[in-house]
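J.: Just need the structure, nothing else, for what follows:
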Amino acid sequence: MPSSITSISPANARTPLILDGGMGRELHRMGAPFRQPEWSALSLMERPDLVQQAHENFLKAGAQVITTNSYAVVPFHIGEERFAEKGEDLARLSGVLGRQAIAAQAQPEKTSPLLAGSLPPACGSYRPDLFTPEKATAILTPLIRGLAPSVDLWLAETQSSIAELQTAHRLIRQNTDDTRPVWGSFTLDDSDPVALVHQKTPIRLRSGDLLEDAVQAALQLKLDALLFNCSDPRIMAAALQTARQTMKAHAGETAPTLRLGVYANGFAHNHHDGEGDGANESITPLDGTLTPDRYSDFARHWHEEGADIIGGCCGIGPEHIAALAAHFPSAH
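T.: The predicted structure is shown next:
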């Protein structure tokens, strides 16, 4: 059975919760079946044992939350016919494998890690132009049904627009009768990171939506946490500053309850200069200078800016997560 979310919430709200890293790149590193367009879904179909092992690698590194390997279980990656035939079953399997990994790494003296149900951008990563609520409903509904028996919380991640997150939230509530936490995570336009770092331009989602509007939407949805992922680590502190300022303006004198988090990617930026290119359409080069220590330096800054949920996205491996756990030892 899924764990209680309250069982792992830090007693000190300023102690960060450690997430896992990028599943696809970890599978690739392990030599698991991995190619385009299936991406991480290929191992789910052909070597589910390696999917469980990848989860265990992150748990051994110190992750307190692992995310189901359901991100690529969408027609964009596995095709319309295969999704119609196997989509829900593959999502269900991803939940089972996550629970098995948690059970295999259980330590009696420690609180059990949590399993987050990954709900991806249904119509393609970085492709808000392809999104429609109707398409998303047809894709996310079977994923939610498949994941529901296993997950402790829902994570609608790499959302490129406000509309994507609003639709995912609506479908979670329509297709489940529980009150499990819902986390939303936006991917940000990082095409000019220098300008964003120096706050010369406002931060936007990849759709062009202003981040301030996205934060207000998250507050209106009453999400349990708002995160930023699959974007350049250099811009995340500025995004957190914008989020905190927006939350303060929204709440007035009342302290906001929305938790903030970051899990950046390790891409060699800027890789997505082509108009309309989607993430995972090719195996994107990684930034070889983003060592575990350097990533931890970023994470300390994010923590100072209000992030109390920290992990990694594409290209951030168990070694990075181990460095995070070492830098925040009271978190695990």
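J.: those helices in the chain, which residues are they?
T.: Along the chain, counting by DSSP state H, helices occupy 23-30, 41-46, 48-61, 75-78, 80-104, 133-147, 162-175, 193-197, 211-221, 236-251, 292-304, 318-327.
J.: and the second one, average pLDDT?
T.: Yep, that's helix 41-46 we're talking about. Averaging pLDDT along helix 41-46 yields 97.
J.: Can you tell me how far Ile162 is from Ile203?
T.: 14 Å (CB to CB, to the nearest Å). Any C-beta I mention is one placed from the backbone N, CA and C, and that applies to glycine too.
J.: repeat for Leu165
T.: From Leu165 over to Ile203 (counting by CB to CB), the distance is 16 Å.
J.: Any idea how many residues pack against the closest residue to Gly288 other than its chain neighbours?
T.: What sits nearest to Gly288 in space, not counting adjacent residues and going by CB to CB, 6 or more residues apart in numbering, is Ala268, at 7.8 Å. Other residues near Ala268 come to 13 when the count uses other CB atoms under 10 Å.
J.: so Ala268 makes contact with Thr284?
T.: Yes: Ala268 lies in contact with Thr284 (CB atoms under 8 Å); the separation is 7.4 Å.
J.: if we can go back for a sec, looking at Leu165 and Ile203, which one has more neighbours?
T.: Each of Leu165 and Ile203 has its neighbours counted (other CB under 10 Å); Leu165 has more, 27 against 24.
J.: Provide a list of residues in contact with that one.
T.: Ala156, Gln159, Gly184, Phe186, Ala214, Ala217, Ala218, Leu221 (CB atoms under 8 Å, 6 or more residues apart in numbering).
J.: In this protein, what helix or strand scores lowest on average pLDDT?
T.: When the helices and strands of the chain are scored by mean pLDDT, DSSP states H and E, helix 193-197 comes last with a mean of 81.
J.: Residues in contact with that one: which ones?
T.: Against helix 193-197 from outside (CB under 8 Å, 6+ apart): Asp190, Thr201, Ile203, Asp232, Arg234, Ile235, Ala237, Ala238, His269, Asn270.
J.: Nearest to Asp308 among the residues you listed?
T.: Nearest to Asp308 among the contacts of helix 193-197 is Ala237, at 14.3 Å by CB to CB.
J.: hang on, the earlier thing: let me have the contacts of Leu165 in TSV, extended by pLDDT.
T.: Shown next, in TSV, are the contacts of Leu165 (pLDDT from 0 to 100):
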residue	pLDDT
Ala156	98
Gln159	98
Gly184	98
Phe186	98
Ala214	98
Ala217	97
Ala218	97
Leu221	96
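J.: Just the mean pLDDT for stretch 296-310, thanks.
T.: 97.
J.: One more: stretch 79-93?
T.: 98.
J.: Buried residues, it. List them.
T.: For stretch 79-93, the neighbour count (16 or more other CB atoms under 10 Å) marks Arg82, Phe83, Lys86, Gly87, Glu88, Leu90, Ala91, Arg92, Leu93 as buried.
J.: Spell out which two among those residues are the most distant pair, please.
T.: It's Arg82 and Arg92 that sit farthest apart of the buried residues of stretch 79-93, by CB to CB, at 15.1 Å.
J.: Now do the phi/psi pair for Ala72.
T.: The phi/psi pair for Ala72 (degrees, to the nearest 10) reads phi -90, psi 10.
J.: pLDDT below threshold where in the stretch 201-332 of the chain?
T.: Scanning the stretch 201-332 of the chain for pLDDT under 70 picks out the ranges 252-256, 269-283, 330-332.
J.: Thanks a lot, see you next time.
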